[in-house]
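Visitor: prediction below, plus the sequence it came from.
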Number of protein chains: 4
Amino acid sequence: MMSESAVVETDAVEPSKGARRKEQILEAALGVFTRRGYGDAAMDEIAVESATSKGGLYFHFSSKQALFGALLDRAADLLMNRLEAAVAGETDPLRRADAAITRALHVFGSHRGLARLFLIDAHTREFAPRLLAIRARFADRIARDLDEGVRLGLIPPCDTRLAGRIWFGAVNEVVVQWLVTPGAPPLESHYAELRAILRRGLGASDDSTAADVSADAAGAAVVGDREGQL
Amino acid sequence: MMSESAVVETDAVEPSKGARRKEQILEAALGVFTRRGYGDAAMDEIAVESATSKGGLYFHFSSKQALFGALLDRAADLLMNRLEAAVAGETDPLRRADAAITRALHVFGSHRGLARLFLIDAHTREFAPRLLAIRARFADRIARDLDEGVRLGLIPPCDTRLAGRIWFGAVNEVVVQWLVTPGAPPLESHYAELRAILRRGLGASDDSTAADVSADAAGAAVVGDREGQL
Amino acid sequence: MMSESAVVETDAVEPSKGARRKEQILEAALGVFTRRGYGDAAMDEIAVESATSKGGLYFHFSSKQALFGALLDRAADLLMNRLEAAVAGETDPLRRADAAITRALHVFGSHRGLARLFLIDAHTREFAPRLLAIRARFADRIARDLDEGVRLGLIPPCDTRLAGRIWFGAVNEVVVQWLVTPGAPPLESHYAELRAILRRGLGASDDSTAADVSADAAGAAVVGDREGQL
Amino acid sequence: MMSESAVVETDAVEPSKGARRKEQILEAALGVFTRRGYGDAAMDEIAVESATSKGGLYFHFSSKQALFGALLDRAADLLMNRLEAAVAGETDPLRRADAAITRALHVFGSHRGLARLFLIDAHTREFAPRLLAIRARFADRIARDLDEGVRLGLIPPCDTRLAGRIWFGAVNEVVVQWLVTPGAPPLESHYAELRAILRRGLGASDDSTAADVSADAAGAAVVGDREGQL
DNA sequence: AATGAATGAGCGTTCATTCAT
DNA sequence: TATGAATGAACGCTCATTCAT
């Protein structure tokens, strides 16, 4: 309906043909990297899958590494935007942190490919700095809210940076286990308890009325497991 | 016949020349995989480093993958032995779980290469099942103690498997961040707070008299950063 | 008919826009071929340097080879014009030959890039015939004067074609050595002795009053080392 | 007969299989480089022609450049050995220089491929230093004898290094013209006059009794145009 | 006339694996 | 057992050339 064209126009006034091509390539690349892992992904396959040519790939991206990097950056931006959006509706700092984590779980849960990219494939010498930055952004996002929580007396003082990392690590591991376990129950089934454990770990009271992601997921286009899509 | 018992002996008493050769190769392989990552490690280099030949490598291990797998298994066994040893001295289940985690941190902290291998490089399609099993062993180790803690009323009932994963994830992330951050403060500086957060997360009282790693590090042969050694 | 004279005009009066474009491209091409050598010169770079596009290049020249060929021809014409001009002022045949060689040394000496192009890069199967023709023109130029010298009894009869080649070869080698020797003394420092050796080789008396290049260099626009310019 | 095994043993006691392989490759490489020029020669073709595999090529030579370089070095050594041998029989310095040049003409004349390699293909940025060194060796060889000639008063003093270059350049050009001219008369037909011109150029008397190459070519295995052979 | 995105054959190089010795 | 020369498929990347606009 109306909202559809509205959404399209949000991004830019009709993406140029060049931009669309680039998008095509990124999409194909996500698929191939996801399926094969960085090392085993062949530019040839990405070329075929994106219905272009090897030369075309190199016209738009200067190298395999650059292509993967672009994918990573784009995914990071998107993820952070999602988190910011999820957090925007909350004022209580702990509930903001909650919301960020829950949304992250949610996004990864509906995008296995993205999750693989981020949490597994990117762990290579050459992408370490980029990945480090991304993880830092996430941990900061959490730590900032926790700091605020400390300031308001909601939780006792602690090393909030470390706590942010712990939270990220916990989410990460839960997602990775779920990623590599075929037939595992949906990620959602762990939301509540994960959240509770993390909150309690910081000495906050367990808040069972916490933000419900499935409620505010309005624009989040989460349809099952749409691989290769963000 | 004769040869069979001979083969059996290789495992325990007087390592045969063949077993020693295998050991030599595994040691060299650990070094190379550690330095270069799985993908960039060359069999050539392992051959040179183990003072054998490429043919020799393939006599003892059927493929690069098999070699890496063997390394992973061996390292996992050693790691778990360390954890069991650390845990053996404790009777209180929570302190046992504590001790396991602290020892894990400790081992990784003194063996960056090993940590990379386990926590990063092994994340490839082909090693997923093996890695999964290893992580499960670790999470189980924790979960078993937590179950006992619940049984004894030390902590309220909870999904202890999930908790195990959370603990592992937290440790994992803290170690990885430390791995990729040059000049980071020693891992030890985070022991206390990490432990506290995790314990509190399960509703246990903060136990400041918890097992001290530096005390039970007796057999831990932690000399600087002896890469390529367990 | 009409169009013919029009075409002719492009060569002399008011260069059409198209001809100017072609000139632009040839100039850029000279620079790039000179800098990189034929094999490593990229059409892309020539396109950028000539402020055109790849398509534009191919509109004016059917292929890379054709472009290089055109360059070679143009350069040859220019070089020969220079030689003819240098020779024009002399009536004594031996001094004419002298002048041609000296001027050649001079032109190459002030245009290293041109020298590379002619004396080195053009030695490829595909340009062999063109290059052969150019060398032949030069050798002929010399041989013609030598023939005249023989006719006048200035030198004893000899194989003047061979002598022309020898003279060219000597010049060539002296220039090439100078090209590839960084910090070599200026080419000029070898003029006198080279000339003497060549003349004597044909049994001519050494003529120390021979044409002085610096004197007749009037129109030779030798400003430092203006690569990419003739 | 007898002499055959004797010849084989001259070089070394039965060339090892590895050395033979290397020889095989060098021979094939000479053929391909000669036929296609350095830039257009494909390692694939060399592999096929040497009845090995691409991997085999790279086992013996670390790169295409290295392979070409080895060829160049080997050829240079052989050429210089030939020249030294030709020179050995002469005591008169001018006749020594004569002999060197005549032999060079002779060797090139019977090995077009070698000539191409040396005088044409090697003129690339990357081989410039190597080539320079080789040319310098040749020019030195000549210059040394000329110096001696000056010392003995056979020729008046002159810049013998320059003279060496001139001689080399003359030979070079005569050979190159012959190389690229199909159906040209044999190089030999120019020996006498070339020699005379060069000698006279230095003020030496024309010595028509000079060393005759065809006479001392005894062990030189010059059979028509045996390309790909040294 | 001119543009520049797109093509695709081809390149040099690598490396896990094999096998005659 | 052990060696190391040999293999060959596969890879990332380049670049002259084409063509819709």
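Guide: Here it is on my side, so go on.

Visitor: spell out the secondary structure type for A:G153.
Guide: Recorded secondary structure, A:G153: coil (DSSP: H, G, I helix; E, B strand; the rest coil).

Visitor: let me fix that, I meant to ask about A:D98.
Guide: helix.

Visitor: isn't it right next to A:R199, touching?
Guide: Yes. Using Cβ atoms under 8 Å, A:D98 is in contact with A:R199, at 7.1 Å. (Glycine included, C-beta is placed from N, CA and C.)

Visitor: which pLDDT value goes with A:D92?
Guide: With respect to pLDDT, A:D92 scores 92.

Visitor: how much space between the one residue sitting closest to the centre of chain A and chain C?
Guide: Centroid-nearest residue in chain A: A:L79, 3.9 Å away (criterion: Cα atoms, centre = their mean). Applying Cβ to the nearest Cβ, to the nearest Å, the value for A:L79 to chain C is 37 Å.

Visitor: what residues does that residue make contact with?
Guide: A:104, A:107, A:114, A:118, A:138 (Cβ atoms under 8 Å, 6 or more residues apart in numbering or on different chains).

Visitor: quick check: buried residues in stretch A:55-65?
Guide: Neighbour-count burial for stretch A:55-65 flags A:57, A:60-61, A:64 (criterion: 16 or more other Cβ atoms under 10 Å in any protein chain shown).

Visitor: and for stretch A:40-57?
Guide: A:41, A:43, A:45-47, A:49-50, A:52, A:57.

Visitor: from those residues, which land in strands?
Guide: Per DSSP state E, strands hold no members of the buried residues of stretch A:40-57.

Visitor: out of those, which is nearest to DNA strand E?
Guide: Using Cβ to the nearest atom of the strand, A:T52 comes nearest to DNA strand E of the buried residues of stretch A:40-57, at 3.6 Å.

Visitor: re earlier: just the ones in helices from the buried residues of stretch A:40-57, please.
Guide: The members of those that map onto helices under DSSP state H are A:43, A:45-47, A:49, A:57.

Visitor: which residues in chain A form helices?
Guide: Counting by DSSP H, the helices of chain A are A:2-11, A:17-36, A:43-49, A:54-60, A:64-88, A:93-110, A:112-116, A:128-151, A:160-180, A:191-201, A:213-216.

Visitor: the longest one and DNA strand F in contact?
Guide: Yes. On the criterion Cβ under 7 Å from any atom of the strand, helix A:64-88 is in touch with DNA strand F at A:64-65.

Visitor: for chain C, what is the nearest residue in chain A?
Guide: A:F59 (11.2 Å; Cβ to the nearest Cβ).

Visitor: and that residue, how far from A:K22?
Guide: According to Cβ to Cβ, to the nearest Å, A:F59 stands 10 Å off from A:K22.

Visitor: got it, and A:E188?
Guide: Taken as Cβ to Cβ, the span from A:E188 to A:K22 is 34 Å.

Visitor: between these two, who's got more neighbours?
Guide: A:K22 (17 against 13; other Cβ atoms under 10 Å in any protein chain shown).

Visitor: wait, doesn't A:P156 sit right on A:G201?
Guide: No. Assessed by Cβ under 8 Å, A:P156 is found out of contact with A:G201, at 11.4 Å.

Visitor: of those two, which one has the most company?
Guide: A:G201 (25 against 11).

Visitor: next up, the contacts around that one.
Guide: A:163, A:166, B:197-198, B:200-201.

Visitor: point out where chain A drops to low pLDDT.
Guide: Confidence mapping of chain A against pLDDT under 70 gives the ranges A:1-15, A:206-230.

Visitor: return the residues of it in contact with chain B.
Guide: Residues of chain A lying close to chain B (Cβ under 8 Å from any Cβ of the partner chain) are A:36-37, A:39-40, A:120-121, A:123-125, A:128, A:131-132, A:135, A:158-159, A:162-163, A:165-166, A:168-174, A:176-177, A:180-181, A:190, A:193-194, A:197-203.

Visitor: buried only: go through those residues for me.
Guide: Counted by 16+ other Cβ under 10 Å, these give A:36-37, A:120-121, A:123-124, A:128, A:131, A:135, A:158-159, A:162-163, A:165-166, A:168-174, A:176-177, A:180, A:190, A:194, A:197-203 as buried.

Visitor: would you mind listing what in chain A touches DNA strand F?
Guide: So chain A meets DNA strand F at A:40-44, A:54-55, A:58, A:62-65 (Cβ under 7 Å from any atom of the strand).

Visitor: closest point of chain A to DNA strand E, which residue?
Guide: Closest point on chain A to DNA strand E, by Cβ to the nearest atom of the strand, is A:G55, at 1.8 Å.

Visitor: hmm, back to that, out of the helices of chain A, which comes closest to C:I142?
Guide: helix A:54-60 (49.1 Å; Cβ to Cβ).

Visitor: A:V175 - nearest residue in space that isn't next to it in sequence?
Guide: Leaving aside its chain neighbours, A:V175 sits nearest to A:F108 (4.7 Å; criterion: Cβ to Cβ, 6 or more residues apart in numbering or on different chains).

Visitor: shouldn't the one you found be in contact with A:H190?
Guide: No. Between A:F108 and A:H190 there is no contact under Cβ under 8 Å: 11.9 Å.

Visitor: run through the residues that contact the residue of chain A closest to chain C.
Guide: For A:F59, counting by Cβ under 8 Å, 6+ apart, there are no contacting residues.

Visitor: now it: how far from A:G18?
Guide: Distance from A:F59 to A:G18, by Cβ to Cβ: 10 Å.

Visitor: same question, A:A143
Guide: Distance from A:A143 to A:G18, by Cβ to Cβ: 39 Å.

Visitor: neighbour count for the two, which is higher?
Guide: A:A143 (21 against 10).

Visitor: what is the neighbour count of the nearest residue to that one once chain neighbours are set aside?
Guide: Spatial nearest neighbour of A:A143, excluding adjacent residues (Cβ to Cβ, 6+ apart): A:G164 at 3.8 Å. A:G164 sits with 25 neighbouring residues when counted by other Cβ under 10 Å.

Visitor: got it, and the one 3 residues further on?
Guide: Other residues within reach of A:W167 by the criterion other Cβ under 10 Å amount to 31.

Visitor: cool, A:L152 as well?
Guide: With other Cβ under 10 Å as criterion, A:L152 counts 11.

Visitor: and it, how close does it get to A:A100?
Guide: 17 Å.

Visitor: show me the contacts for A:G149.
Guide: Contacts of A:G149 (Cβ under 8 Å, 6+ apart): A:93-94, A:97, A:155, A:202, A:204.

Visitor: which one of those is nearest A:G69?
Guide: So of the contacts of A:G149, ranked by how close each gets to A:G69 (Cβ to Cβ), first place is A:A97, at 28.9 Å.

Visitor: surely the closest one and A:E148 touch.
Guide: No. Taking contacts as Cβ under 8 Å, A:A97 lies outside contact range of A:E148: 9.0 Å.

Visitor: what about the two, which has more around it?
Guide: A:A97 (30 against 17).

Visitor: now do the same contact list for that one.
Guide: A:142, A:145-146, A:149, A:167.

Visitor: can you narrow the contacts of A:G201 down to the ones near DNA strand E?
Guide: Within the contacts of A:G201, nothing lies near DNA strand E by Cβ under 7 Å from any atom of the strand.

Visitor: tell me which of those residues is nearest to chain D?
Guide: A:I166 (49.5 Å).

Visitor: relative to B:H190, how far out is the residue nearest to the closest one when sequence neighbours are not counted?
Guide: Closest residue to A:I166 apart from its sequence neighbours, by Cβ to Cβ, 6+ apart: B:A170 at 4.3 Å. Distance, B:A170 to B:H190, using Cβ to Cβ: 10 Å.

Visitor: repeat for A:L78
Guide: Distance from A:L78 to B:H190, by Cβ to Cβ: 31 Å.

Visitor: can you check A:S189 too?
Guide: Distance from A:S189 to B:H190, by Cβ to Cβ: 30 Å.

Visitor: ok, back up a step: need the max-distance pair from the residues of chain A next to DNA strand F.
Guide: A:D40 and A:G55 (22.0 Å).
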